[in-house]
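# need a structure here:
(one chain, ligands or ions: 2)
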Amino acid sequence: MTLPIFLVGARGCGKTTVGQALALAQGCQFIDTDFWLQKTAQQTIADIVACDGWEAFRARETDALNAVTAPARVIATGGGIILSEHNRHFMREKGIVVYLCAPVAVLADRLEAFPEEGQRPTLTGKPISEEVSEVLALRDALYREAAHHVVNAAQLPDQVVSDIEAALQLARAS
Ligand code: ADP
Ligand code: MG
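Numbering: from 1, shown residues only. Ligands and ions are numbered 1, 2, ... in the order given. The predicted structure is shown next:
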């Protein structure tokens with residue numbers, strides 16, 4: 001049985017982009033909790049947060065994580081999924097967790113180029129680079145706590161995929 005692979009990391013680290021490429025390379029199914037949730041709710045994340053608040057969104061995100069977790073899947077998660085201790089433990093127990101780690105400047109550049117506000121409503125109301133810096137400072141330790149592997153996500157997507165595959169291979173061999 002192939003364990004699910006969970007990609008975690010800050011907004012813009014490439015969970016969706018790298019996840020799709022990794023799933024293709026591994027012959028796995030790709031699922032994105034943000035897309036799954038928006039499709040199931042028939043609402044954007046921004047609308048869910050505006051109507052029901054962050055707490056309600058986080059509860060739905062946990063439901064989404066439970067619903068999509070299955071063998072032979074690459075699962076791109078939302079940036080805040082690791083805020084819940086339950087979710088951190090759940091992912092570590094059910095599969096292999098990979099943290100796509102990138103510096104603030106790289107994340108901010110990507111988010112400024114492709115903000116996708118519907119999917120990424122502001123977390124702090126501050127400008128992007130300030131927000132990325134603040135949020136990463138709070139979450140970096142939680143991404144690391146959840147992760148079995150940490151990879152450099154500032155590289156080109158194909159290189160990130162290769163690094164993840166190498167880490168998985170090493171872990172399988174040991
Ligand atoms: P996440 O799902 O982690 O929020 P995305 O995969 O949506 O991140 O990527 C955010 C933006 O950055 C997208 O426009 C994507 O094309 C770009 N991007 C993602 N990964 C890389 C990468 N490794 N190198 C360059 N650009 C990237
Ligand atoms: Mg994404």
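
# list the buried ones in stretch 137-152?
Neighbour-count burial for stretch 137-152 flags 139, 142, 143, 146, 147, 148, 149, 150, 151 (criterion: 16 or more other C-beta atoms under 10 Å). From N, CA and C alone the C-beta is placed, and that goes for glycine too.

# which other helices and strands contact the helix or strand hosting the second one?
Yep, that's residue 142 we're talking about. Following DSSP states H and E, one finds residue 142 within helix 128-146. The contact analysis (3 or more C-beta pairs under 8 Å, 6 or more residues apart in numbering; DSSP states H and E) places helix 128-146 against helix 85-94, strand 96-101, helix 104-113.

# swap in 6 Å and give it another go.
helix 104-113 (3 or more C-beta pairs under 6 Å, 6 or more residues apart in numbering; DSSP states H and E).

# quick one, the helix it packs on and helix 128-146 angle?
Relative orientation of helix 104-113 versus helix 128-146 (axes from the mean of the first three to the mean of the last three C-alpha atoms, to 10 degrees): 120 degrees.

# please see if helix 104-113 touches ligand 1.
Yes: on the criterion C-beta under 6 Å from any ligand atom, helix 104-113 is in touch with ligand 1 at residue 110.

# gap between residue 101 and residue 136?
According to C-beta to C-beta, to the nearest Å, residue 101 and residue 136 sit 9 Å apart.

# assign residue 115 to helix, strand or coil.
The three-state assignment at residue 115 reads coil, by DSSP: H, G, I helix; E, B strand; the rest coil.

# burial measure for the residue nearest to residue 110 when sequence neighbours are not counted, as a count.
Counting by C-beta to C-beta, 6 or more residues apart in numbering, residue 12 is the residue found nearest to residue 110 once chain neighbours are left out, at 4.1 Å. Using other C-beta atoms under 10 Å, residue 12 has 26 other residues around it.

# and for the one 10 residues further on?
Using other C-beta under 10 Å, residue 22 has 23 other residues around it.

# contact partners for it?
74, 161, 164 (C-beta atoms under 6 Å, 6 or more residues apart in numbering).

# same thing with residue 65?
33, 87.

# with residue 27 instead?
Applying C-beta under 6 Å, 6+ apart, no residues contact residue 27.

# next, give phi and psi for it.
Dihedral angles of residue 27 (phi, psi; degrees, to the nearest 10) stand at phi 70, psi 30.

# re the thing from before, need the phi and psi values for the residue nearest to residue 110.
phi 90, psi 0.

# right, and it touches residue 109 too?
No: between residue 12 and residue 109 there is no contact under C-beta atoms under 6 Å: 8.3 Å.

# could you point out which element follows the helix holding residue 142?
Following helix 128-146 in sequence, per DSSP H and E, is strand 149-152.
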